[in-house]
Structures are given as C-alpha cells and as structure tokens.
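>>> show me how the following folds:
(chains A, B and C)
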Amino acid sequence: MSILYYTLNNSVFTNFAFYSTASVVKMMAMSALTVVKRMSKDAFANPEDLSLATNKSAVVTTSDSDVERVRRNHLNDIENIIPFVLVGIFYVGTNPDRNAALWHFRIFFISRLLHTLTYQLALPQPSRFITCMVGYFTTLSMAGRVLLTVRP
Amino acid sequence: MSILYYTLNNSVFTNFAFYSTASVVKMMAMSALTVVKRMSKDAFANPEDLSLATNKSAVVTTSDSDVERVRRNHLNDIENIIPFVLVGIFYVGTNPDRNAALWHFRIFFISRLLHTLTYQLALPQPSRFITCMVGYFTTLSMAGRVLLTVRP
Amino acid sequence: MSILYYTLNNSVFTNFAFYSTASVVKMMAMSALTVVKRMSKDAFANPEDLSLATNKSAVVTTSDSDVERVRRNHLNDIENIIPFVLVGIFYVGTNPDRNAALWHFRIFFISRLLHTLTYQLALPQPSRFITCMVGYFTTLSMAGRVLLTVRP
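Just a heads-up that it's a prediction; the model follows:
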C-alpha cells in the first residue's frame, strides 16, 4: 500500500534513512575537520578569528592549501550528498525493489567514504574521479526511476 | 485525507517529485560541465589532478574564468534549488491547490533553466538577475504558505 | 500510528515544518544581502554585471571583504541548515517525544539567528564559534536518534 512508503514499517525507507543520515554526518565531519585544520595552521578567514590563533602574528588567509583541500572536499560533498538525499526521498516513494534500493544506498555511501579518503590522502588520479563518478551515477540512476515513474 | 499527501496517488506530490528531481539533475549537470571545462582548459585545483592535464606543464589554478563561471553557476543552483526542494516538501504537506502548486513548480524549473542559459552565455544584465528573482520569489511564495499553515 | 507521521495532524511534523522553513528563509536572506552588498560596493564577480555598477569604472572582484563575509556566512548556513532539515525529515519519522523534538527545532533555529548576528557584526570570538557548535550538536543529536532507530 502506497500510504506505508514513508514509515518505519518500510525497510526501503529505514535503509534510506540510515544511509542518508550516515552520509550527512560524514559531510558534517568536514566542518569539524576544517576547524581542526584552521586551528593547527592558524589559517583563519575572518579578522575576529585571529584571537583564536596560537601564533599571535597570524594574518587572515583564504589560501592555506590544507584548509582549502578540506573545503573543496566539503563542497564536493554538498554537491553530491545533498542531491542523493533529495532524489532519494522521491525514489523511496516510487516503491523500488527492496534489494535494488539497498544496493543503491550502500554503493553511494561507500563511494563517498572512499572519495573522502582519496581526497584527503591526495591519492593519484583517477582514483578520486572514479569514486565521485560512482556516487554521481548512483544518484542519476535513482533520478531516472523517479522521472520515469512520476512524469506528467 | 491528509495521509495521502506523500503518495503517488496525489498529483501535487508526483508533480513536485518530477520538477524537483529535474531541477536537481540540472544542478548535477554543473558538476559534469565543471569537469569538461577543467579538462579543456587544463585548469585543476589539486596537484594530483595535474596528471590528467594535456599540457604537462599545467599548474594548479583556482582562478580560470571559464571554470569559475561554471562554479558560481553551480553554487547559485545550490543556493536556490535546494531551498526550493526543502520548502516544497512541506508545501506539498499543506495540501495546496493542484493548479497553483503545478505552476509554482513549472515556473521555478523554467526560471532555473533560463538562469543557467543567461549565466553560461554571459547575456547582458539584468537578464540573469530577473531569472534568479523569479525562482527566488516562487520559493518564498511556497514558504509563506507553509509558515502560515503550520505556525505554532 | 506510524502512517500519521508526515501529516498536519502530527505536531512534531508541523513544528519541524515551521522551524525548517524559517531556517531556510533565513538562509535565503543571505542571497538578498549579497545583492545589497554587491550593489553598495560595486563588487561584482562577472564582467556582464558591471553594467549594474554605479561607478562605471568598477572592475570585476571576488575579494571584497564585506561581500565575502556575507558569502562565507551563506556557505556556513548551507553547511549547517541543510543537514538539519535533511536529518530532521528522518528524525520526525522516528516518532520522537513531542517536547524533546520541539526544543531541538527551537534551539537550532535560534542558534542560526545568533550565528548570523555574530558573523555580520564581527563580534569577538568565540561567540560565533559557540553559536555554530550549538546548532551543529543539535543536528548530531537528531542524527544519533535516527541512526539508532533505523540501523539495519
């Protein structure tokens, strides 16, 4: 029955809630990592933040390579994880096959963990590119099902 | 019956799912366009990405004007399309008039297509500004209905 | 009954819809503030935007300190408010205690108002850091409940 799609009785919904929330928490971890990097490098973007610096002669910067790497990673998460969750909400409503759905969610989540690993360790390309593409096409696969199911 | 709001039986929901997913896919296309521009201009942001460059003497850059234009467009999508989908989820729950809702979704989606067109073709202002405002006020109109309907 | 979670009959859902939409509208206000700052400072990021400048000799810039402060504030909203709404959607589905949920929503929303105030007034740190942390841990608290409730 369609009215049960968004309830704890639907394992597609609970699996989606689990992997979506885990992905969002992973994304939020980039905020914490940014703070750690800013503190360890005394690399702050606002004048009033310099009171937090260890080296009292630190100046404002928006080009520290370590901080910017974390920030690019964070923005890439925003560009990929948020579309996954938004499209996934509708995807759950299309009543997909339970196993097909679960593997979409798992593959997406793992691709984002590996993407972060390749980005923060600066592993040789195309490793990071491939991890990003896997998650990207997983979301597009879900989007395709939504568009075909609900097209006006 | 309110319990049918988020089901395939509710055309407000299916229309919203269609235009939201289409808008998110449009946003995701900016990632692909960024990759295309970075490859064609050899303009990469990470040292390890330079192995992908055609010109082996390419250096890291975050200021290529073509790449940055796509990235600003992408960020503008994030700032506008994601609020539309998030507010829209609640808007569907307020049981809006079917036609009023459909025109909100259509106008928003078309405004974002035109916004991308004006941005990537660098058309004279205020064309881009107007397309952005149309989508912005469409989302605010939906937000207004939500806030009035569910206010504590 | 679980099938009533996402309806206007569930005050956890309506309270969530109210504070989420209010938070997203607050985030959208940063777009308007960016336009105001760009116009008042003649600080535009695209060549075609210079036709909007008062000073006809204005040049393209992406480093105006006032504009960039608003933009960092906006990005911080994206990094925090969107995760709150996404995680909150699942949190509502876990049937939390009505009062516990309401205080999560209220505290989050107020923390983001105060964050914007501290950011735009450049108040001494750690005031901004604390307001950001309060909202961050509110979202993590909701995420924790989701992950424990729906874990596979």
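>>> for A:V150, which non-adjacent residue is closest in space?
What sits nearest to A:V150 in space, not counting adjacent residues and going by CB to CB, 6 or more residues apart in numbering or on different chains, is B:T14, at 4.1 Å. Yep, even glycine has a C-beta here, placed from its N, CA and C like the rest.
>>> likewise for A:E48?
In this structure, A:E48 finds its nearest non-sequential neighbour in C:A122, 4.9 Å apart by CB to CB, 6+ apart.
>>> what sits against the one you found?
C:A122 sits next to A:46-48, C:69 when contact means CB atoms under 8 Å, 6 or more residues apart in numbering or on different chains.
>>> what about it, is that helix, strand or coil?
Taking DSSP: H, G, I helix; E, B strand; the rest coil as the rule, one finds C:A122 in the coil state.
>>> any idea how far B:N99 is from it?
Going from C:A122 to B:N99 by CB to CB, to the nearest Å gives 47 Å.
>>> just the ones in helices from the contacts of C:A122, please.
Counting by DSSP state H, the part of the contacts of C:A122 found in helices is C:R69.
>>> which parts of chain A sit against chain B?
Within chain A, the positions lying close to chain B (CB under 8 Å from any CB of the partner chain) are A:2-3, A:5-6, A:68-69, A:72, A:78-80, A:82-83, A:86-87, A:89-90, A:93-95, A:122-126, A:128-129, A:136, A:139-140, A:143, A:146-147, A:149-152.
>>> what parts of chain A come near chain C?
Selection of chain A residues close to chain C by CB under 8 Å from any CB yields A:3-4, A:6-9, A:13-15, A:17-18, A:20-22, A:24-25, A:27-28, A:30-31, A:45-49, A:51-52, A:62, A:74, A:78, A:82, A:85-86, A:89.
>>> what distance do you get for A:N15 to chain B?
18 Å (CB to the nearest CB, to the nearest Å).
>>> does that residue really touch A:W103, like I thought?
No: here A:N15 lies out of contact with A:W103, judged by CB atoms under 8 Å, at a distance of 10.0 Å.
>>> with neighbour numbers in mind, choose between the two.
Taking neighbours as other CB atoms under 10 Å in any protein chain shown, A:N15 and A:W103 compare with A:N15 leading, 20 against 12.
>>> which residues of chain A score low on pLDDT?
By pLDDT under 70, the low-scoring segments of chain A are A:1-3.
>>> tell me the secondary structure for the residue with the largest distance to the centre of it?
In chain A, counting by CA atoms, centre = their mean, A:S57 sits farthest out from the average C-alpha position, at 35.5 Å. Secondary structure, three-state DSSP: A:S57 is coil.
>>> with A:I107 instead?
Secondary structure, three-state DSSP: A:I107 is helix.
>>> what's the burial count for it?
So A:I107, with other CB under 10 Å, has 16 neighbours.
>>> and what of the one 5 residues further on?
By the other CB under 10 Å criterion, the neighbourhood of A:R112 contains 25 residues.
>>> before we move on, back to that, for the residue nearest to A:V150, pull up the helix or strand it's in.
helix B:11-41 (DSSP states H and E).
>>> buried residues, that helix. List them.
Neighbour-count burial for helix B:11-41, counted by 16 or more other CB atoms under 10 Å in any protein chain shown, picks out B:12-28, B:30-31, B:33-35, B:37-38, B:41.
>>> kindly report the same for stretch A:90-104.
Quick answer for stretch A:90-104 (16+ other CB under 10 Å): A:90-96, A:101-102, A:104.
>>> how about stretch A:135-145?
Applying 16+ other CB under 10 Å to stretch A:135-145 flags A:135-136, A:138-139, A:142-143, A:145 as buried.
>>> can you tell me which of these is nearest chain C?
Proximity of these to chain C was ranked by CB to the nearest CB; the top entry is A:T139 with 14.1 Å.
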